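Visitor: Okay, sequence plus prediction incoming.
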Amino acid sequence: MNTPADARLWNRFFLFCLLNNMFLFIFYFAQTAILPVYIVNELGGSIAQAGLAMTLFMASSIAVRPFSGLIIEKFGKKKTFFVSELAFCLFAFIYLLADDLTTLLIIRFLHGIWFSILTTVCVPIANDYIPEQRKGEGMGYFVMSINLGLVLGPLLGLSFISLLGYSTLTLLLAVVICLGFVCCLMIPIKETPKREQVTKEQLSIHDFVEKRALPASLMVLFAGFSYSSIMAFISTFAESKHLLSYAGLFFLVFAISMISVRPFTGRLYDRKGPNLIVYPSMVFFAIGLAILSQMETLTGLLISAILVGVGFGSVQPCLQTLAIQRSPKNRIGHSTSTFFTCYDTGIALGSILLGLVIAKFDYEVMYLLCAGLTLGSLLFYKFVVDQQKTLA
């Protein structure tokens, strides 16, 4: 797909891919931030029901993710991209009809399906516009567009919900998604030639999982498990330390740290390979979690945010690039769905199991456990992931 005219990384089609991805995640993270407020204050729901709205979205996303690669293979990248983007945009407007909890939960469940398919197909399309020699750097910038959504989404949502109200803000966010759809229309999509045309009477595991992407994907499952301790519990942990008002600052510093290292880690990956990124990044991640376990002051909270942001923010795009590079080109959709299935599963398992650890022990034990798991996963990387050869 990379013609001589598009040999540079910053071609206009890659920029359209980044913008579309950023608008998508601005909506996602903004809704994640404001839905609990809407459910509790306007629909009269409980905190548990607000959590259910989050869980249903993730549950449908995880359930569909293994099928996403098969959907891309069957219908092609172009049709899958436009249909899933259009459906995601339509559901963004349907939130305006959610005037009771049951309707909202149904919308969340169905929206998660299209989110799963869309975020899967976006990766191979963006990958087509990244030169081969700059895959690590390019995928780093692609994931950075998610981080911009992580910063801008909650910032927009929480800043304007009191001023505009949920309905007006949701309409504004739906318009943001439409901007992403406009970017989609600007991207020419070329289908990947299929290696073989075989009529299958039965589906096999090969239709859902790209086995060559599994080692890197299982590695990100471990990282996602530990990262769930941040996503799910940092706010309540900060509250237990009387630092709840600074929880938002944690995420801001966390996101800035991730974004700051992306240009450098991507280039290092391309020049020196993944090991130079994975080993120090996982160590930084583990140290950040260990510091968090002993955190008593704002200084400790922010130091942890920097280390976790640098560590996790570097290793995730590195492993995603590795999963893609070690898979056949006509199986990028499958490798992407395999990667995100493992990542989402790690987040979901961590949110459940680490909650049980907190209930039985405390936050300190939970964060130390995650630090140990993060370091221990480097053994899996050394003896499994690093032993696999990249396809020529």
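Guide: On my side now, so go ahead.
Visitor: Quick check, F13 in contact with P188.
Guide: Yes. When contacts are counted by CB atoms under 8 Å, F13 is listed as touching P188 (6.9 Å). (Glycine included, C-beta is placed from N, CA and C.)
Visitor: higher neighbour count, those two?
Guide: F13 (18 against 11; other CB atoms under 10 Å).
Visitor: show me what contacts the more buried one?
Guide: 6, 129, 186-188 (CB atoms under 8 Å, 6 or more residues apart in numbering).
Visitor: Considering those, which possesses the most neighbours?
Guide: Y129 (24 neighbours).
Visitor: what about that residue, which SS state?
Guide: coil (DSSP: H, G, I helix; E, B strand; the rest coil).
Visitor: count of neighbours near the residue nearest to it when sequence neighbours are not counted?
Guide: Leaving aside its chain neighbours, Y129 sits nearest to F14 (4.1 Å; criterion: CB to CB, 6 or more residues apart in numbering). For F14, the count of nearby residues is 23 (other CB under 10 Å).
Visitor: pLDDT averaged over whichever strand or helix holds F14 - what is it?
Guide: F14 is part of helix 12-41 when elements are defined by DSSP states H and E. Mean pLDDT, computed over helix 12-41, is 87.
Visitor: What is the subsequent helix or strand relative to it?
Guide: helix 47-75.
Visitor: Enumerate the positions of that next one that are buried.
Guide: Within helix 47-75, the residues that count as buried by 16 or more other CB atoms under 10 Å are 49-50, 52-62, 64-73.
Visitor: Show me what the helix or strand following it is packed against.
Guide: As assigned by DSSP H and E, the chain's next helix or strand after helix 47-75 is helix 77-94. For helix 77-94, the elements it packs on are helix 12-41, helix 47-75, helix 101-127, helix 166-185, judged by 3 or more CB pairs under 8 Å, 6 or more residues apart in numbering; DSSP states H and E.
Visitor: before we move on, which element is the nearest residue to I303 once chain neighbours are set aside in?
Guide: Using CB to CB, 6+ apart and skipping the chain neighbours, the partner closest in space to I303 is I291 (5.9 Å). Using DSSP H and E, I291 maps to helix 275-293.
Visitor: Show me how far that helix is from its chain's centre.
Guide: 19 Å (CA atoms, centre = their mean, to the nearest Å).
Visitor: mind exporting it as CSV, just the C-alpha atoms?
Guide: Extracted as CSV, the C-alpha positions of helix 275-293 are listed here (Å, rounded to 0.1, in the frame of the first residue of the first chain):
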residue,chain,number,x,y,z
ASN,A,275,13.7,-5.7,23.6
LEU,A,276,15.2,-2.3,24.2
ILE,A,277,11.6,-1.0,24.8
VAL,A,278,9.9,-3.9,26.6
TYR,A,279,12.4,-4.7,29.4
PRO,A,280,12.9,-1.1,30.7
SER,A,281,9.2,-0.2,30.2
MET,A,282,7.9,-3.1,32.2
VAL,A,283,10.5,-2.3,35.0
PHE,A,284,9.3,1.4,35.0
PHE,A,285,5.7,0.1,35.1
ALA,A,286,6.4,-2.2,38.1
ILE,A,287,8.3,0.5,40.0
GLY,A,288,5.4,2.9,39.5
LEU,A,289,3.0,0.4,40.9
ALA,A,290,5.3,-0.3,43.8
ILE,A,291,5.6,3.4,44.6
LEU,A,292,1.8,3.7,44.3
SER,A,293,1.3,1.0,46.9
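Visitor: my read: L24 touches V121, true?
Guide: No. The pair L24 / V121 is not scored as a contact, 11.6 Å apart, by CB under 8 Å.
Visitor: Comparing the two, which shows the higher neighbour count?
Guide: V121 (30 against 27).
Visitor: Mind pulling up the pLDDT for the more buried one?
Guide: Looking at V121, its pLDDT stands at 90.
Visitor: Would you quantify the distance from it to P328?
Guide: Distance, V121 to P328, using CB to CB, to the nearest Å: 17 Å.
Visitor: ok, now how distant is L171 from L43?
Guide: 18 Å.
Visitor: Give me the more crowded residue out of these two.
Guide: L43 (19 against 14).
Visitor: which residues does that one contact?
Guide: Going by CB under 8 Å, 6+ apart, the list of residues near L43 reads 99-101, 104.
Visitor: pLDDT below threshold where in the stretch 251-392 of the chain?
Guide: 389-392 (pLDDT under 70).
Visitor: now the strands for it?
Guide: Using DSSP state E, counting those that start in this stretch, the stretch 251-392 of the chain contains no strands.
Visitor: domains in the protein, as residue ranges please.
Guide: 4-190, 209-385 (automatic domain parsing).
Visitor: Give me the local confidence score for L110.
Guide: 94.
Visitor: how deep is it tucked in, by neighbour count?
Guide: Residues near L110, counting by other CB under 10 Å: 16.
Visitor: can you check F208 too?
Guide: Neighbour number of F208 under other CB under 10 Å is 17.
Visitor: show me the contacts for it.
Guide: Applying CB under 8 Å, 6+ apart, the residues contacting F208 are 66-67, 69-70, 334, 337.
Visitor: what do you get for G112?
Guide: 56-61, 64.
Visitor: just to revisit the earlier point, quick check: of the contacts of F208, which lies closest to L249?
Guide: Of all the contacts of F208, S337 has the smallest distance to L249: 34.8 Å, by CB to CB.
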